[in-house]
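Undergrad: Show me the folded form of this:
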Amino acid sequence: MNPEVRSYFISQFGDDISQLRGVRQLVENAERELDIVKSKLSEKRFSLTAETDGIRRDCDVAVRQAASLVEKRTVNELSAINAHLQQTHPLVESVSSLVSQVAELDKCRKYLRWMEEVNVLSSCIEDSVGSGTFSSALDYLEQMAQISASLQPSSCLHLKSWVQSVVSHWHEILKKQLSSEFGSVLQSLHWPVIETAPKPLPRAEVSALQTKLSVLFKQLLRLGKRESSASVARGVRQRSVLLPIEMMVHPLSKRFKYHFYGKRPTNALHKPEWYMRQVMNWLRDHSIFLDTVIQPVMDVLDCKATAKAEFAMAMLELVADKFTHDVPKLCEDDNLLSHGVDEMLLFHRELNVMHEFPISQLNCLEVLTEEPCFSKWLELERTNAELRLKTLLSSPTAWCLLYKDMPDVDDLRVPDCAETFMTLLRSIEGRYEHLPLFSCQHRFVDLQKDLLSAFTVELKKLATSEGKNVVSQRYVVLINATNFVLTTLRDWMERPFFLQFHKHAVDEMGLDMEGVFSDTEVLYVDVKQEMLETLVDAVVDTFKAKSKTYKREKWQVVAAGDDDLSLELTSSACDMLATLRQQLETINQELAGPLFHPLWMRVAENIDDYLYNEVVCSVFFNEAGAQQLQYDMTRNLFLLFSEYTTKPENYFKQTREACQLLTVLPGSGLLLREVLLANVKGSSNSCSDEEAETALRDVGVRRLTKQNALAVLMRRIDWPQSSLH
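TA: This is a model prediction of the structure:
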């Protein structure tokens, strides 16, 4: 009970129980008071509802009145604004015209200011040139070049063009002046080197000339920054040579053009090595001057490039220009183009090997990647490679082993045509591996893949032409060729060049490949396995054909001999085993070592299956017949394979265990037969599976199942029949 209610009852009635009679009166009074309160609440709720409705109506009226006032005020204000605009419109137009005129005048002022500043700088350059202070002239030229750069966003095309023309004008004048002085100093220092023993200069004069050379070199470097970053652009080829080095090359360039252009006898299309050799000689003859005179100047000026590399870059530009000039005529004659490409590749190799120039900086092979030269070159490579492939396959020595008399040296037994073919592919790689464009390298890789595929087609044709004569020197050598190409491809895919090629193809080109030659590798694996299986089948089929008489032997009626020493090989097995031995020896002499081991194992496995199923499980034996079979197998067939393994019996497990079961002592054999028969039939007194397997292991049987072992034991017809049978 609620504590307040409890207190109320105690205050009304006390502790006297007789007072509880007044409870009914108390309840009636409470009900009357509740009714009065409900009545008052109803009247109050009605009064509040009426009051709220009145307030809502007053608010709606106020909102409508406010909206009307706002609308009227807006219309009035808009009318006043329109009237004001009409009155001020002429004034606005007048002021706008004045503002436009002021803006135009400001543009003209800035235009004239730029022109005046350029003219002032031009005058300063002229004065500096006249006084011979080229450093000041270069400072003014750099300021003028900055003005030209700042005007690039402007729409004043004529102003930009004029400023740029002024910059170019003074640039050419300064270049001419500095080049003239630079050339005079170089000439005094015996540049270019054309005399074998120039007259030595006094040390003081040499020191003065080198000081002047350093100043002029620095000024030409500053001037060269204003030139284009690429002096020549032909698609992929771009060169950037320091201006002073370019000036040094100029006299050599004149000599080069004089001898190797025009109608001079030295300008011979069939002798590109002439101008390439001349460039190599110049690189050699000027290397000392560059190292001792120019390189110290560049070191003082903190040049990142080396004098020899810059000079070589300029020399390569001469070679590239000449080769590009001759390409249209070279493409008209396959022999000329082929010779030109070979000489360019040789020039590149000598440049990077003999002169130790890095390939990444000086790659003269870019000219070979340009069209139409590259497509024509690739076509020639394909045609020549296909022709050489046909020639080497038809060669009388194509399938002769290269190191036939040295088997320890050549375990793969490589035929001449396979070695020559891979050398052909390697020579192709040597011609394209340093090309600067990945796309060009990729097209050459595709060419190599096409040639590899064509080689497999030829191998298959030759293998098919052998017909049934599979166990022959020719067929085995075909397998060796396939295996050698496959082994070589796997080695190639681990080389740095092809690893980098694969990474570039996957990461940057998005190509999906496991390896550069992974698809070709799968093709060669399939061809090799197919040919090996054919060879194994041929050996086994021959063995089966020769064993027909052996299968028909009456093993159940073989007469018992005096002892084991009287046993001899069954006569019907002589031809069968002799043929097998001869074929294995032929294959062993010709087949690659890594392939022969799995091959004879496969042959042994198939023969084991055949003997077990077609001989052991197909006939019946008496004791003498079982002993004869065991002698034929263990003392003849197994020993035949002892040349290839120390334990040949391990590869004839079914036949060996069957012979053990057939020749077991009668008591042991009968007991084992009863145990296996009871276990297989599940009789009440049968032993467990584990006990049956233990019994088999006791007689040396581990490969045959219980059912198979029982079937072999049942082949003994001279043992009493089992009561469970």
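Undergrad: where does residue 415 fall, phi/psi-wise?
TA: Main-chain dihedrals, residue 415, degrees, to the nearest 10: phi -80, psi 160.
Undergrad: burial of it, as a residue count?
TA: Using other C-beta atoms under 10 Å, residue 415 is surrounded by 24 other residues. Just so you know, the C-beta spots here come from the backbone N, C-alpha and C atoms, and that holds for glycine as well.
Undergrad: Do I have it right that it meets residue 480?
TA: Yes - checked against C-beta atoms under 8 Å, the pair residue 415 and residue 480 is within contact range at 6.0 Å.
Undergrad: Name the residues contacting each of those two.
TA: Common neighbours of residue 415 and residue 480, counting by C-beta atoms under 8 Å, 6 or more residues apart in numbering, are residue 401.
Undergrad: close enough to count as contact, residue 293 and residue 214?
TA: No - using C-beta under 8 Å, residue 293 is not in contact with residue 214; the gap is 9.9 Å.
Undergrad: Can you tell me which residue is spatially central in the chain?
TA: Centroid-nearest residue in the chain, with C-alpha atoms, centre = their mean: residue 502, separated by 1.7 Å.
Undergrad: quick one: which helix or strand includes that one?
TA: helix 496-507 (DSSP states H and E).
Undergrad: Toward the C-terminus from that helix, list the very next helix or strand.
TA: helix 518-546.
Undergrad: Residue 447: neighbour count?
TA: 19.
Undergrad: roughly how far out does stretch 601-621 sit from the chain middle?
TA: 50 Å (C-alpha atoms, centre = their mean, to the nearest Å).
Undergrad: Span of stretch 550-558 from start to end?
TA: 13 Å (C-alpha to C-alpha, to the nearest Å).
Undergrad: May I see the buried residues of it?
TA: Neighbour counts over stretch 550-558 (16 or more other C-beta atoms under 10 Å) mark 550, 553, 555-556, 558 as buried.
Undergrad: Redo those residues as JSON lines? Include pLDDT, secondary structure and distance to residue 476.
TA: Below are those laid out as JSON lines (pLDDT from 0 to 100; DSSP: H, G, I helix; E, B strand; the rest coil; distance: C-beta to C-beta, whole Å):
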{"residue": "550", "pLDDT": "93", "secondary structure": "helix", "distance to residue 476": "27"}
{"residue": "553", "pLDDT": "90", "secondary structure": "coil", "distance to residue 476": "33"}
{"residue": "555", "pLDDT": "90", "secondary structure": "helix", "distance to residue 476": "36"}
{"residue": "556", "pLDDT": "89", "secondary structure": "helix", "distance to residue 476": "41"}
{"residue": "558", "pLDDT": "85", "secondary structure": "coil", "distance to residue 476": "39"}
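Undergrad: could those residues go into a markdown table alongside distance to residue 397?
TA: Shown next, in a markdown table, are the buried residues of stretch 550-558 (distance: C-beta to C-beta, whole Å):
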| residue | distance to residue 397 |
| --- | --- |
| 550 | 42 |
| 553 | 48 |
| 555 | 52 |
| 556 | 57 |
| 558 | 54 |
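Undergrad: right, and the pair among those with maximum separation?
TA: Pairwise distances across those peak at 15.0 Å for 550 and 556 (criterion: C-beta to C-beta).
Undergrad: what's the residue lying closest to the residue nearest to the centre of the chain once chain neighbours are set aside in contact with, if anything?
TA: Distance criterion C-beta to C-beta, 6 or more residues apart in numbering; nearest residue to residue 502, sequence neighbours excluded, is residue 516 at 5.2 Å. Contacts for residue 516 (C-beta under 8 Å, 6+ apart) come out as 445, 492-493, 498, 501-502, 505.
Undergrad: One more pass at 7 Å, please.
TA: 445, 493, 498, 501-502 (C-beta atoms under 7 Å, 6 or more residues apart in numbering).
Undergrad: and if you look at residue 362?
TA: For residue 362, the contact set (C-beta under 7 Å, 6+ apart) comprises 309, 312-313, 316, 351.
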